[in-house]
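Undergrad: Quick one, structure for this:
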Amino acid sequence: MNNILAKLVLFLSLISLSYAQSFFDMIDTNATNVSVAKSIFLSYEEVPTKVYIGEIFPIKVKAIIANNDFDELYSQFMNATNTNVINPESKWQWLSDNIFYNTFYLKVNALDSTLPTLTLDIYKSSKLIDQGSLPPSAPNIIKLNKTKEFSNVLAHELHIKKNKTSRFDDKNLFIVLEIEAKYSNLGDFKLSWVEKDGIDTLDEGLPYSKIFYYAIIPNYIKKFDFTYFDILKNKFVKISIPIVISDDKVSTQDDLNPGDSSIQIYKDSAYGILTIVFLLLFIKKRRMIYMIFIFVLIALFIYGKNPFNDMKVEKNTNVKILPTQKSTIFYVVPRTLYVQRLGTKDDYIKILLPNGKIGWIKDDNVIKN
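TA: Numbers count the residues shown, from 1 in each chain. As a prediction, this is how the structure comes out:
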């Protein structure tokens, strides 16, 4: 009887312990749920219903954070397809109470593009304390019909700040455009009708971007035409730039061959005539002063031919369009060459190649004698 009673007491004790553990587990679980309760609520304030391939467009996001005890906000973008976030590190701006705003700029690159999921993390003392996410919107994606003159650029506005055209060689011209645009993909500027073109410098910012675009075009071209798509006007806008060849020496490609200019021909003729005159005077009057004048004229003639500006450059030297680090390389020196020095800018030297083309090289590519 005592054994039966003892077993019954043991059985009841085990059941009691089991229920007690379940009770404490439930309390612990509830406590955990309270500690990780979400305090971030994200929503779209502005989001487009349609976008064009290549367009830079904004999405404005609102965050309500029901937690005042945090140090840092960190944005992440995940699961996007063929979409670029232009400013992923944009800082959240506090508006009032627990409300924050941010504007991100995106660019879709294909018809099957999908926008990213936005995740907002909040940190306290470098530790993640909460996280919220916002599913992507799904705007209608439109592909523009490209024409021969379309530059691939979409913008709210676009302006040509400066342009300069000079001779590149006997058959081609070299044109440089400084272009500024608002909310644009200027980095995609490209013309199908131009055989050789590119972007030498890109300053990609928001809302304004700027590029230095160059093109090598046939010398019979009278106007440089291209179009861009104006997003606000919802139409293609044509830009037409008259070709006016610059003769000033500021241009990168000017003075292709100074020795062939008409001024140089006149100078050479004057040196020759004066030399003959002073030679005749010397023969007639036998005065050394005339011989000195002859030597001076000969020296000036030799100096005018610029032999002291000849220099030797290394094999495989890169010759650039413009004197900048990111400038396009249009020629690579195939072997050690003698070239003519035309000028300098910073650590670049402007040279005349034996084939008649002008370019810029780094000064450390010159072989020192």
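
Undergrad: pLDDT of stretch 83-90, averaged?
TA: When pLDDT is averaged over stretch 83-90, the result is 94.

Undergrad: Could I get the full set of strands for the stretch 201-350 of the chain?
TA: With DSSP state E, counting those that start in this stretch as the criterion, the stretch 201-350 of the chain has strands at 208-218, 223-230, 235-242, 310-313, 318-320, 329-332, 337-345, 348-352.

Undergrad: packing partners for the shortest one?
TA: In terms of contacts (3 or more Cβ pairs under 8 Å, 6 or more residues apart in numbering; DSSP states H and E), strand 318-320 is packed against strand 329-332, strand 358-362. (C-beta placed from N, C-alpha, C; glycine too.)

Undergrad: deepest of those, which one?
TA: strand 358-362 (a mean of 23; mean count of other Cβ atoms under 10 Å).

Undergrad: Which strands and helices lie in contact with that strand?
TA: Secondary elements touching strand 358-362 (3+ Cβ pairs under 8 Å, 6+ apart): strand 318-320, strand 348-352.

Undergrad: I'd like those as JSON lines, with mean neighbour count appended.
TA: Listed next are the helices and strands packed on strand 358-362 as JSON lines, based on neighbours: other Cβ atoms under 10 Å:
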{"stretch": "strand 318-320", "mean neighbour count": "19"}
{"stretch": "strand 348-352", "mean neighbour count": "21"}
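
Undergrad: hang on, residue 42 packs against residue 117?
TA: No - look at residue 42 against residue 117 with Cβ atoms under 8 Å: they stay out of range, at 10.3 Å.

Undergrad: Between those two, which contacts overlap?
TA: 133, 134 (Cβ atoms under 8 Å, 6 or more residues apart in numbering).

Undergrad: More neighbours: the two, which one.
TA: The neighbour count for residue 42 versus residue 117, taken as other Cβ atoms under 10 Å, is higher for residue 42 (18 against 14).

Undergrad: Which is the succeeding secondary structure element to the helix or strand hosting that one?
TA: Assessed by DSSP states H and E, residue 42 sits inside strand 40-46. The helix or strand immediately downstream of strand 40-46 is strand 50-52, counting by DSSP H and E.

Undergrad: in that next one, what counts as buried?
TA: 51, 52 (16 or more other Cβ atoms under 10 Å).

Undergrad: Starting from it, tell me which strands it pairs with and how they run.
TA: strand 140-142 (parallel) (DSSP bridges).

Undergrad: Mean pLDDT lowest where, among the helices and strands packed on strand 318-320?
TA: Going by mean pLDDT, the lowest-scoring of the helices and strands packed on strand 318-320 is strand 329-332, which has a mean of 84.

Undergrad: got the contact list for residue 74?
TA: So residue 74 contacts 120, 121, 122, 123 (Cβ under 8 Å, 6+ apart).
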